[in-house]
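Trainee: Any chance you could fold what I've pasted below:
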Amino acid sequence: MHPAGVLLEALLASVAVVSLLSNASVLLCFIQSAEIRSHVPGVFVLNLTFSNLLLTFTSMPATFLGLIWGEAGAAEGEPPFGAGFCGALSFADTFLSTNAMLSMAALSVDRWVAVVFPLSYSSKMGPRDAGAMVGYSLLHSLAFALCQVLASWGGYSPAYASCTARFAGDRGEPRFSWFAAFTVALHLCGFALSLLVLCCAYLKVLRVARFHCKRIDVITVQTLLLVVDIHPSVKERCLVEQRKRRQRATKKICLFIGSFVFCFSPYVITRLVELLPHVHVHRYWGISTKCLAYAKAAGDPFVYSLLRQQYRKVLLRVTDRILRRDSLSSYSTGSTVDTDDIPRVV
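Mentor: Next up is the predicted model:
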């Protein structure tokens with residue numbers, strides 16, 4: 001077995017485990033916290049979490065089996081699954097991946113409305129508005145996935161070791177131009193549209209955040225000048241906090257946009273370059289780009305949810321409850337054993 005194949009198998013298995021645990025933790029927070037459920041952004045986070053979980057249960061195991069199948073010396077292009085099952089997996093892959101990208105774009109729009117229109121946020125972004133955006137995301141993804149199935153453009157691709165969009169015929173056929181147009185439209189309306197919305201929304205958020213930071217900095221400096229007897233260490237602490245405040249928003253926005261580009265762009269660019277004549281995607285490169293796209297599903301819970309204070313509080317509370325229950329059960333078991341060891345006097 002090739003070392004690169006073993007490395008990719010270990011990487012894919014690790015990504016699948018982390019994705020399962022992290023997305024399940026987000027769902028646990030939703031179940032345990034009424035406060036999180038009451039917030040409008042939770043609708044988008046929930047939609048993203050379900051997409052990532054379903055991707056973890058469908059596409060990731062299929063890619064792992066396809067990778068093992070190829071490493072075991074299967075014939076070139078021979079699928080490890082039946083045609084019908086592989087078609088269903090390719091439908092799920094297209095639908096869930098596109099829906100996840102659009103969910104991230106919806107989260108950026110929600111942050112833009114919250115920062116730019118803080119006083120009218122509840123009227124501009126209510127549960128109905130969030131439901132409409134999620135509904136559009138689902139219909140948009142469903143349209144492309146159904147088009148792929150109806151045109152029979154889903155199947156097993158050895159270059160990616162997975163069931164995905166693929167043209168099974170000869171590239172010289174007239175239908176290949178339709179498949180190429182579909183592939184370009186899929187990634188333009190999925191990846192490119194989501195990236196455009198992310199950049200526009202978060203850059204606007206960054207501009208507003210910097211403006212507010214400047215106003216806070218001016219007020220802080222004026223206060224420090226008025227307070228003459230303040231200790232120098234307190235002044236220094238205030239200035240350090242100013243610098244941290246200016247950098248915090250930039251780091252978060254770089255994380256949102258940077259993780260999106262880093263994880264999805266290699267796969268999308270490879271799929272587009274693959275359409276050119278005489279271009280053959282190397283197996284290990286194609287699988288690596290697919291694993292990188294899967295890594296976004298594992299990282300999304302940390303980027304959008306688990307690092308926030310509300311989610312951390314809920315997880316700590318649940319963990320504390322579980323540990324306390326275990327300690328109480330062990331204590332009660334120990335007490336029972338101790339009592340049984342005492343001889344009874346008749």
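
Trainee: residue boundaries of the helices in this protein?
Mentor: Here the chain has its helices, by DSSP state H, at 3-32, 34-38, 41-57, 59-71, 83-116, 121-124, 127-150, 174-187, 193-226, 232-273, 283-301, 309-341.

Trainee: Which of these sits closest to Y160?
Mentor: Shortest distance between Y160 and the helices of the chain, using C-beta to C-beta, is found for helix 283-301: 4.5 Å. All C-beta spots, glycine's among them, are computed from the backbone N, C-alpha and C.

Trainee: what comes up buried for the closest one?
Mentor: Neighbour-count burial for helix 283-301 flags 283-284, 286-301 (criterion: 16 or more other C-beta atoms under 10 Å).

Trainee: gap between V43 and V318?
Mentor: Taking C-beta to C-beta, to the nearest Å as the criterion, V43 is separated from V318 by 22 Å.

Trainee: Just want to know which of the two has more residues nearby.
Mentor: V43 (21 against 16; other C-beta atoms under 10 Å).

Trainee: For that one, list the residues it contacts.
Mentor: 127, 130-131, 134 (C-beta atoms under 8 Å, 6 or more residues apart in numbering).

Trainee: Try it again at 7 Å.
Mentor: The contact partners of V43, taken as C-beta atoms under 7 Å, 6 or more residues apart in numbering, are 130-131, 134.

Trainee: Among these, which one has the most neighbours?
Mentor: Highest neighbour count within the contacts of V43: A130, with 21 neighbours (other C-beta under 10 Å).

Trainee: Could you measure from that one over to Y136?
Mentor: A130 is 11 Å from Y136, by C-beta to C-beta.

Trainee: was I right about V26 contacting S305?
Mentor: Yes. With contact defined as C-beta atoms under 7 Å, V26 counts as touching S305 (4.9 Å).

Trainee: Those two: which has the busier surroundings?
Mentor: A direct count of neighbours by other C-beta under 10 Å for V26 and S305 places V26 higher, at 27 against 24.

Trainee: could the helices of the chain be laid out in TSV, adding mean pLDDT and distance to R166?
Mentor: What follows is those, written out as TSV (pLDDT from 0 to 100; distance: least, C-beta to C-beta, whole Å):
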stretch	mean pLDDT	distance to R166
helix 3-32	92	19
helix 34-38	89	40
helix 41-57	94	18
helix 59-71	87	12
helix 83-116	92	7
helix 121-124	87	42
helix 127-150	94	9
helix 174-187	92	9
helix 193-226	73	23
helix 232-273	81	10
helix 283-301	93	11
helix 309-341	71	38
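
Trainee: which one of those helices lies closest to A161?
Mentor: Taking those one by one with C-beta to C-beta, helix 59-71 is closest: 3.6 Å.

Trainee: State the distance from P174 to C189.
Mentor: Taken as C-beta to C-beta, the span from P174 to C189 is 23 Å.
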